[in-house]
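Visitor: Next come a sequence and a model predicted from it.
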Amino acid sequence: MRGYRKNRRPGNRPMTDAELELTERAKRGPCIPCLIQHETHPELLSRNEVSRWNEWDHHKEGNLRVGHLWGWASCQWHHRRIAPAGKFEAYTRKYGPSLMDGSAAFYAYYGSPYELILRQYRVLFPRHDIPETFDRAIVETVLEGLTEEINRRTIIGTFDPEPGA
Ligand SMILES: [Zn+2]
C-alpha cells in the first residue's frame, strides 16, 4: 500500500498548500465555461450570471488526472450537470452543454482542455503577475507544460507565457 501510494500520479496525491491556494482562489473566480458562454453568447448569459460558486475540474487524460494544477473552475452545471428539476433543457440553452453531456461535445463547444486551462491561468494571473504567496515555480511549470502541449497540438498557435516580457 505504501509503495502504491508513493507511486500515485500527481493528480491523485493530496494537494500541497500551494495547489490548494491556487485552486481555492480559482473556485472563487468565474466558472471558465460560463465565462466563455458569456463572451460568445452575451444575449444568453450576462456577466452577472457567470458563476462564482465553483468546483475544480481536473483535466484527465485516459481517465487519469494529469496533476492538480491542470484544471479550471467550473460551476455545478458545467462540471456535473446539476440543475433544478425540470430545468435541464433551459440550462442547456442558457449555459451551454455540461461536461456530463460528453467530453467531445463539451470541448467542441468551449475549446480544448488546454485552452480551458490556459484561460483559467490568464484569469488568475492576467498580467502574468503571480503573487509571492504562490509557488512561482509550480505555476511556471504548468504554463511551460501548457505551452508545449498547445504548440505540439497546434490548437491555438504559439502561446507566449510571458507576454510583453
Ligand atoms: Zn458554469
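Guide: Now that the structure is in, tell me what you want to look at.
Visitor: Every contact and neighbour count from this point should use C-alpha atoms.
Guide: Fine.
Visitor: Where does pLDDT dip in the chain?
Guide: Applying pLDDT under 70 to the chain picks out residues 1-11, 127-139, 146-165.
Visitor: For it, which residues are neighbours of the ion?
Guide: 31, 34, 75, 78 (Cα under 5 Å from the ion).
Visitor: Looking at the residues you listed, which are in helices?
Guide: Counting by DSSP state H, the part of the residues of the chain next to the ion found in helices is 34, 78.
Visitor: Dump the residues of the chain next to the ion to CSV, plus neighbour count.
Guide: What follows is the residues of the chain next to the ion, written out as CSV (neighbours: other Cα atoms under 10 Å):
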residue, neighbour count
31, 27
34, 27
75, 25
78, 28
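Visitor: centroid residue for this protein?
Guide: residue 72 (1.6 Å; Cα atoms, centre = their mean).
Visitor: The host helix or strand of it pairs with which strands, parallel or anti?
Guide: If you go by DSSP states H and E, residue 72 is part of strand 71-74. Strand 71-74 has the following strand partners under DSSP bridges: strand 55-58 (antiparallel).
Visitor: what's the partner strand in contact with?
Guide: 11, 23, 26-27, 65-76, 79 (Cα atoms under 8 Å, 6 or more residues apart in numbering).
Visitor: Mind doing that once more with 10 Å?
Guide: Outside strand 55-58, the residues that touch it by Cα atoms under 10 Å, 6 or more residues apart in numbering are 11, 23-24, 26-28, 31, 64-76, 78-80, 99, 113, 117.
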